[in-house]
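# sequence plus the predicted model coming up.
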Amino acid sequence: MDDEDDYRVGVGLGLSALAGLATAGGSALSFCLPTYNPRIFAVCLSLSAGVMLYISFIEIFYKSRDEFIKSGYEKTQAYPLATAVFFCGMVLAQLLDWCLHRLFGFEHDHDEIHQEPHVTLEGLSRSPKEMEQEAKMTPLSASSRHKSIPTSKSCPIPAPSVTLSIEETVDTHPSAGSASSPSTSQDPPEATDKPKAEEDTETAPPQEARGVAGKEAVGRPSGDKGKLLNLSLFSGLALALHNFPEGIATFAAALADPRFGLGVAVAIGIHNFPEGVAVSVPIYYATGSRCKAFTWSLIAGLAEPVGAVLTWLILSNNISSTAFAILFGLVGGLMVHISVRKLIPTALRYDPQDRVTSALVLGGMALMAVSLVIFVAIGFDE
């Protein structure tokens, strides 16, 4: 490996680490934001999708073709080979997604793509609009129905992939979705002889906190806390496995060209912020510990540099043009799959009326295009 290769390896590993740490940044940010704003998540995911799509189609794919040509293939052979490997990357990503769903019991419902996100901290399935309508009820009725649930304005809603896992699994347990569940019960609240002070004690928050996962975060019965914690940890592990190929993508892009690596790292880092929120908030609700919530988000994010390191170890003794060509093609297909199957649908969940999503996907493409033009203009294209 010459000095240029060493430089690109170092850049790739560094960019993968920074992109992964954005997950922990999102976790830390969730404890500071005063309110939950779904449009912020839609903006992050849409921009990220646009950047990744542009790089995949315009840069990574042709880099794969060029590497096939370098390895001795004719141009008429290199293009079909790059195309085949590109779509193999999509198939590989779909297989990985299927394995994660089977492993963690996720079942993605495509009919819900355009529905609003749901709060599932009590096994509920209520949209924010329904919660706002219920908030207009009498104080007694509202407090009876939502003694332990923060309002939709103050509660961050985990990303749909994490939310779906919590919601579906909790709903399968009678204790989490019994006949007296707040989401289904239509009976008026029954009077009890329990003193008000005792009720307040039962619904007191686990600790005083601030921000989007802050002081409205309230405790749950110990059994439900355990279920929520287990589900949250599984969701964090699933996110770590999801981040693993993203680390490979960032590293491979940097090996091809540090400019590409920078663009991919920025795109992945942007959409890792809401993922950090999605992992940390359920764990915080289950444990009352910011430290544990942040730690699990950090672990999920560190899967990206781990993926980069393993890729480097595999390729370090055999970095041939053919290996690069295959790697770039697979990564391009993987990034397109992530953008089309994950980022854009998730952004539309947070932005069901498509007020910003489509425009910002195109904006992300334009942003990446302009940045690459500037890089070429200033001579940073070598």
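Alright, I've got the coordinates.
# distance check, Asp5 against Ser46.
35 Å (Cβ to Cβ, to the nearest Å). (C-beta placed from N, C-alpha, C; glycine too.)
# how about Ser280?
22 Å.
# these two: which is more packed in?
Ser280 (33 against 30; other Cβ atoms under 10 Å).
# just the element for the more buried one, please.
Element membership of Ser280, judged by DSSP states H and E, is helix 258-287.
# report the buried residues of that helix.
258-287 (16 or more other Cβ atoms under 10 Å).
# pLDDT on that helix, on average?
If you average the pLDDT over helix 258-287, you get 80.
# ok, then the element right after it?
helix 290-315.
# helices and strands around that following helix, which ones?
Identification of packing neighbours for helix 290-315 by 3 or more Cβ pairs under 8 Å, 6 or more residues apart in numbering; DSSP states H and E yields helix 3-30, helix 222-256, helix 258-287, helix 321-337.
# make CSV out of these and add distance to Ala308.
Formatted as CSV, the entries for the helices and strands packed on helix 290-315 read as follows, by distance: least, Cβ to Cβ, whole Å:
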stretch, distance to Ala308
helix 3-30, 4
helix 222-256, 4
helix 258-287, 10
helix 321-337, 12
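# any idea which of the ones you listed is most buried?
Highest mean neighbour count of the helices and strands packed on helix 290-315: helix 258-287, a mean of 26 (counted as mean count of other Cβ atoms under 10 Å).
# and the angle from that one to helix 321-337?
Counting by axes from the mean of the first three to the mean of the last three Cα atoms, to 10 degrees, helix 258-287 lies at 50 degrees to helix 321-337.
# show me what helix 258-287 is packed up against.
Taking 3+ Cβ pairs under 8 Å, 6+ apart as the contact cut, helix 258-287 packs with helix 3-30, helix 38-54, helix 160-171, helix 222-256, helix 290-315, helix 357-377.
# closest one to Gly329 among these?
For Gly329, the closest of the helices and strands packed on helix 258-287 is helix 222-256, at 9.9 Å, according to Cβ to Cβ.
# returning to what we had before: wait, which of the helices and strands packed on helix 258-287 is closest to Ile60?
helix 222-256 (6.6 Å).
# dump stretch 10-27 to CSV, keeping only the CA atoms.
Below are the C-alpha coordinates for stretch 10-27, written out as CSV (Å, rounded to 0.1, in the frame of the first residue of the first chain):
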residue,chain,number,x,y,z
GLY,A,10,-7.2,6.9,7.2
VAL,A,11,-9.8,9.3,5.7
GLY,A,12,-12.3,6.5,5.3
LEU,A,13,-11.9,5.2,8.9
GLY,A,14,-12.1,8.8,10.3
LEU,A,15,-15.2,9.6,8.3
SER,A,16,-16.9,6.4,9.2
ALA,A,17,-16.2,7.1,12.9
LEU,A,18,-17.6,10.7,12.6
ALA,A,19,-20.7,9.5,10.8
GLY,A,20,-21.3,6.9,13.5
LEU,A,21,-20.8,9.4,16.3
ALA,A,22,-23.7,11.4,14.9
THR,A,23,-26.0,8.8,16.4
ALA,A,24,-24.7,9.7,19.9
GLY,A,25,-25.1,13.4,18.9
GLY,A,26,-28.7,12.8,18.2
SER,A,27,-29.1,11.1,21.6
